[in-house]
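Trainee: sharing a sequence plus its predicted fold:
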Amino acid sequence: MPVAASAIYFLNLRGDVLINRTYRDDVGGNMVDAFRTHIMQTKELGNCPVRQIGGCSFVYMRISNVYIVIVVSSNANVACGFKFVVEAVALFKSYFGGAFDEDAIRNNFVLIYELLDEIMDFGYPQNLSPEILKLYITQEGVRSPFSSKPKDKPVPNATLQVTGAVGWRREGLSYKKNEVFLDIVESVNLLMSSKGNVLRCDVTGKVLMKCFLSGMPDLKLGLNDKIGLEKESEMKSRPAKSGKTIELDDVTFHQCVNLTRFNSEKTVSFVPPDGEFELMKYRITEGVNLPFRVLPTINELGRTRIEVNVKVKSVFGAKMFALGVVVKIPVPKQTAKTNFQVTTGRAKYNPSIDCLVWKIRKFPGQTESTLSAEIELISTMGEKKSWTRPPIQMEFQVPMFTASGLRVRFLKVWEKSGYNTVEWVRYITKAGSYEIRC
Amino acid sequence: MAPPAASQRYPSPSQPSGKSEVTDLKSQLRQLAGSRAPGVDDSKRDLFKKVISYMTIGIDVSSVFGEMVMCSATSDIVLKKMCYLYVGNYAKGNPDLSLLTINFLQRDCKDQDPMIRGLALRSLCSLRVPNLVEYLVGPLGSGLKDNNSYVRTIAVTGVLKLYHISASTCIDADFPATLKSLMLHDSDAQVVANCLSALQEIWSLEASHSEEACREKESLLSKPVIYYFLNRIKEFNEWAQCLILELAVKYVPSDSNDIFDIMNLLEDRLQHANGAVVLATVKVFLQLTLSMTDVHQQVYERIKSPLLTLVSSGSPEQSYAILSHLHLLVVRAPFIFASDYKHFYCQYNEPAYVKKLKLEMLTAIANESNTYEIVTELCEYAANVDIAIARESVRAVGKIALQQYDVNAIVDRLLQFLEMEKDYVTAETLVLVKDLLRKYPQWSHDCISVVGGISSKNIQEPKAKSALIWMLGEYAQDMSDAPYILENLIENWEEEHSAEVRLHLLTAAMKCFFKRPPETQKALGIALAAGMADFHQDVHDRALFYYRVLQYDVHVAERVVSPPKQAVSVFADTQSSEIKDRIFDEFNSLSVVYQKPSYMFTDKEHRGPFEFSDEIGNIPITPEASGDIVPAQQFEANDKDLLLSTDEKDDNKGVSITGSAYTAPSHDNSNISSQMQELAISGPATSAATPQSSFDFDDIFGLGLSTAPAPTPSPPLLKLNPRAALDPGAFQQKWRQLPISLTQDCSVNPQGIAALTVPQSLIKHMQSHSIHCIASGGQSPNFKFFFFAQKESEPSSNYFTECVINSSSAKAQIKVKADEQSTSQAFATVFETALSEFGMP
């Protein structure tokens, strides 16, 4: 059995039960006490997200200030358990309008009970698709006042509908203006050695969509990936166009994508769910364009002084620019005084994370910027332990740039009524874990 | 469905005690109950919400039960839903009250609105009050026939709930049969999926005492049913797909075409966005191709990339779950992942549990081509702020060194660790250098010069200190000040808290004494005196033993304590291959995360007899077992008693013999020393596997095996066909189908155990009794065999036996399955007789 979960608990950071649902009687009510005393109150908490106590296993994860704990008494499927929690939280968020935290839970007890009953029955996951659940859920979430999104229209009529072959889309949707939004969001992960060698570098990308389309539309997406292009040229029996093609290491798709057709024709065709969803995820390791180069030099001068010089170069197109660039330069714990100059942006010493935090709001392409700092340390008694230097970390967003070079070639919408649609395509590259050792 | 009663909650002190609020609510509800004013439903909703919030934060609101039920006589679905919730919560604690609700729930089960029908049915089944079971059967029956799929979905799970409350009621109403027909004919995918999970659960639980349920359970795994599900798999939602894939794992394909058909059907599931589906598919692929080695390799290649994607996407917890599985695969096929080592580099901010798994993977996949990069990376982690990870990294470097032949560079790195001057790094490194020297004595020169420079004052951890002391003793001739360092340590005997370290001190002093007598004599004297006065039993005994051996003859003592050693070629693996295979069978479950098979952490009683049937296909049929490593183990055993703390358990037979010397002084001393002398003189050449000598030891020590006379063989009642043949597939099929007709424990005679160094010896022996082996596996001390035999007169009557032999306890457990159940006892007798003659000349 994938997960026959016996119970699910939502706890706050102190260990109080916010809300829970017991699906089966095979675990006692004091199980949560065991979790509290054996996991929450010990160092175990960060050690491992799966723990066994007595005859039960606890599969737990922390999301903002809430612990979600699934209790199982059998040899359950862990991957399924975690996935269930993640999906459930996404679902709650869509009802609460953004935030998932202790307060949101306290404001929405009835709704959560309703959802928990529908998404899992007797420990077996049922349907977590928000589209279908709208039909069964009578409560509206209490939205936090700060959420920017307007309230969705309440579903006018909660009559039931047989779940058809397209379980993720309701029939009879109608929009005045038919629009599709497509975002390619990539995050670049980099690990660079102190000598400037790239140790590890990859891109994980997501294609996010937002559809406001009437009826049952069929969509077709073409990318400049290698396999797709080759297949196409093969089918049209003409040589592939020159230009950059991207080799995807691996792709996964939302359940709406017709995988048989992807395997035979290599095109992504699908009937989209209404509203927002993640169409596909991919991973690329070859030919990644790094948006930033970081060149650090750190000199320890004697025992109480350190000289830091960090040069950051943007290597994407001159017309583009990066936003929200943050460079975190680690300094020793016993830093007493810092003194620095930057060519652009602002820098600050943040003692709580032992870092110099250098922020640049807007960083144009093909430019460079430097920070030079002098750090004075408190001289400590007899401690001659050398400072283990954590890596420099970087955050940024580069709109209209993809580190992989992936581009949308076409996005076609076909519906039997033949309406016109407006398609919007955006690209953005973010820093995943962008680490430079120094 | 009911949250625990209020008493188990911990309302924070700031929360209202609730008494007055509850009375308030009660009166307000009562006012509204009869009212038909417009807008009354809205005020009811608010009140209900309040009641439920109180209930959730732990205030007892059971006293408003009556009012709630009264108020819910309405058509408003929102109110009804909240009322069901409330009722479900308090019914279990108040069976009397719940009787009240039965009526209105039953009425709602006939409502026009399918949603109300469904909700009412779910609430009814979730009351979980045993004496109300009779009221469930009717609504469930009509729920299963409902024309709305939502109601049917709930009814199906309701049947499972009923089964758990009262199995007999469920079976008597013939619900399983109804579910089965629904499963095969219903148009709604969720109904079908719930039928499948309910039936799997019901039949597995019933199977232990019902033949029919066994058959039904098997029928779920028949070809038509499996293909029915697999062909429709895209209609199901992601969770149901996991369920179906899990079912497909248990299916035994008829031939290789069958296997390829299934793999083609499921190929695209590897691209599913849900990691659980991908992992379940991976399991199907791996299990299907176990018997086809080359295809199995291709499967690894195919699944590698989806799994690596899953690792790098999602929350750390999810990556952890995937990484645990990947770890299992990496250990099984390291070469396939060797080029992907960069994926296992740790990120600075990752949680320790993810880092730890990644380190293990890096260790496992290190080979000639990538060792340099991996070790360089690991050295970076050794400077990590997280001490636990830094330690793991040092250990990982050491493990890689022990795996590789080209250790030159690694030794340098390890020695650099010693220069980092961090206590924990130094400590870990010392332990590793010690292990390294045991395997590669040729490096002693380089290592010793560095180790000699370490001040023993900086090392506090017992393990590290023991390692240093061991090196001082072992290489006393190469380290000029070894005797003086030892002397220093011995002078501080009283301050040494760890018995392990004191034991090592004694041994090292002895070794040093043999090599450099004049310089060590004084220190040894102090050590022996301190040791014999020690309050720790083992230390005391060892000191006394050394003293007496020295007294008897110094040369004998040298041969006992410091015999010439051969390098250790292979360090013992901590987990037997059988356990690893077992975990592999349970891929995609908690077993993989815990790294132990499920029987070790779930209750025994939950396991049906069929749990065993899965394992047979996965025991590797090894043509030659681990005979070649036996001598190495002996040397190791010799070393181990000096190196490892005595509490470290080991199944190694060699250890148990030498290990018993620790307790020897409680026996007759002269006898022991002469015994030890014999052992020392014959040295490592005394093979523990030689039947005569091992038998003698046990006899003299008065331990071990009772030498009961071999049971007199009774004349076999059953004639077996000496040339019976059966292919492994057919055996596997049969083993699954048949119930265990007999389980028996018997002992194996000592001669037999002695001859059982490799499984082949027993296989040959049994063959001479017309019992044929189909698969065998394991290594000392645990062996496992699958045998089959055929009645000579009737080729259709076969016997299947699983035989587990533990050579250290000389016990065997046999499980017999037979086509003809009635003759299984006769067969068991034949089997036992044959087994008892094993090892007899």
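Mentor: Now that the structure is in, tell me what you want to look at.
Trainee: residues of stretch B:242-255 that come out buried?
Mentor: Using 16 or more other C-beta atoms under 10 Å in any protein chain shown as the test for burial, stretch B:242-255 gives B:242-253. In short, each C-beta sits where N, CA and C put it, glycine included.
Trainee: by average pLDDT, which secondary structure element in chain B comes out worst?
Mentor: Taking all helices and strands of chain B together, the one with the lowest average confidence (mean pLDDT, DSSP states H and E) is helix B:653-659, at a mean of 35.
Trainee: please disregard the earlier target; I meant chain A.
Mentor: The helix or strand of chain A with the poorest confidence is helix A:226-235; it has a mean of 68 (mean pLDDT, DSSP H and E).
Trainee: could you list the domains of chain B?
Mentor: Each domain of chain B is listed here as a residue range: B:3-242, B:337-451, B:728-836, per automatic domain parsing.
Trainee: can you say which of the ones you listed is nearest to residue A:368?
Mentor: In this view, the domains of chain B are compared for proximity to residue A:368 by C-beta to C-beta, and domain B:337-451 is the closest at 24.5 Å.
Trainee: quote the end-to-end distance of the closest one.
Mentor: Using C-alpha to C-alpha, to the nearest Å, the end-to-end distance of domain B:337-451 comes to 36 Å.
Trainee: what does stretch A:412-421 give?
Mentor: 9 Å.
Trainee: before we move on, the earlier item: among the domains of chain B, which comes closest to chain A?
Mentor: Taking C-beta to the nearest C-beta, domain B:3-242 is the member of the domains of chain B nearest to chain A, at 3.3 Å.
Trainee: tell me the mean pLDDT over that closest one?
Mentor: Per-residue confidence for domain B:3-242 averages out to 82 on the pLDDT scale.
Trainee: now that domain, how far from the centre of its chain.
Mentor: Domain B:3-242 has its C-alpha centroid displaced from the chain centroid by 36 Å (C-alpha atoms, centre = their mean, to the nearest Å).
Trainee: kindly report the same for stretch B:577-594.
Mentor: Using C-alpha atoms, centre = their mean, the distance from the centre of stretch B:577-594 to the centre of the chain it belongs to is 6 Å.
Trainee: please apply the same query to stretch A:314-322.
Mentor: Average the C-alpha atoms of stretch A:314-322, do the same for its chain, and the two points are 24 Å apart (C-alpha atoms, centre = their mean).
Trainee: how about it: buried residues?
Mentor: In stretch A:314-322, counting by 16+ other C-beta under 10 Å, buried: A:314, A:316, A:320-322.
Trainee: pull up the distance across that stretch, start to finish.
Mentor: Start to finish, the residues bounding stretch A:314-322 are 8 Å apart (C-alpha to C-alpha).
Trainee: strands of the stretch 1-150 of chain A, residue ranges please.
Mentor: In the stretch 1-150 of chain A, strands defined by DSSP state E, counting those that start in this stretch lie at A:5-12, A:17-22, A:50-53, A:56-63, A:66-72, A:120-121, A:124-125, listed in chain order.
Trainee: over to the stretch 701-841 of chain B?
Mentor: In the stretch 701-841 of chain B, strands defined by DSSP E, counting those that start in this stretch lie at B:742-747, B:772-779, B:782-790, B:798-806, B:811-818, listed in chain order.
Trainee: residues in contact with the last one?
Mentor: Spelled out, it's strand B:811-818. Strand B:811-818 has contacts (C-beta atoms under 8 Å, 6 or more residues apart in numbering or on different chains) with B:612, B:734-735, B:738-748, B:797-806, B:824, B:827-828, B:831-832, B:835.
Trainee: put the buried members of those into a ChimeraX selection.
Mentor: If you want just the buried ones from the contacts of strand B:811-818 in ChimeraX, going by 16+ other C-beta under 10 Å, the selection is:
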select /B:612,734,735,738,740,741,742,744,746,747,748,797,798,799,800,801,802,803,804,805,806,824,827,828,831,832,835
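Trainee: run through the stretch 51-200 of chain A and note the low-pLDDT ranges.
Mentor: For the stretch 51-200 of chain A, residues meeting the criterion pLDDT under 70 lie at A:140-167.
Trainee: can you map out the helices along it?
Mentor: Listed from the start of the chain, the stretch 51-200 of chain A has helices (DSSP state H, counting those that start in this stretch) covering A:78-96, A:102-107, A:109-119, A:130-136.
Trainee: what would the strands of the stretch 701-841 of chain B look like in a markdown table with mean pLDDT?
Mentor: Supplementary listing: those in a markdown table, determined by pLDDT from 0 to 100:
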| stretch | mean pLDDT |
| --- | --- |
| strand B:742-747 | 76 |
| strand B:772-779 | 74 |
| strand B:782-790 | 78 |
| strand B:798-806 | 79 |
| strand B:811-818 | 80 |
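Trainee: of these, which is nearest residue B:466?
Mentor: Ranked by C-beta to C-beta, the member of those that lies closest to residue B:466 is strand B:772-779, at 28.5 Å.
Trainee: what is that closest one packed up against?
Mentor: Taking 3 or more C-beta pairs under 8 Å, 6 or more residues apart in numbering or on different chains; DSSP states H and E as contact, the helices and strands that strand B:772-779 lies on are helix B:577-585, helix B:728-737, helix B:759-767, strand B:782-790.
Trainee: who does that strand pair up with?
Mentor: Strand partners for strand B:772-779, identified by DSSP bridges, are recorded as strand B:782-790 (antiparallel).
Trainee: show residues contacting the strand it pairs with.
Mentor: When contacts are defined by C-beta under 8 Å, 6+ apart, strand B:782-790 is touched by residues B:576, B:578, B:616, B:619, B:651, B:720-721, B:724, B:726, B:731, B:735, B:756, B:759, B:762-763, B:766, B:770-778, B:797-807, B:827, B:830-831.
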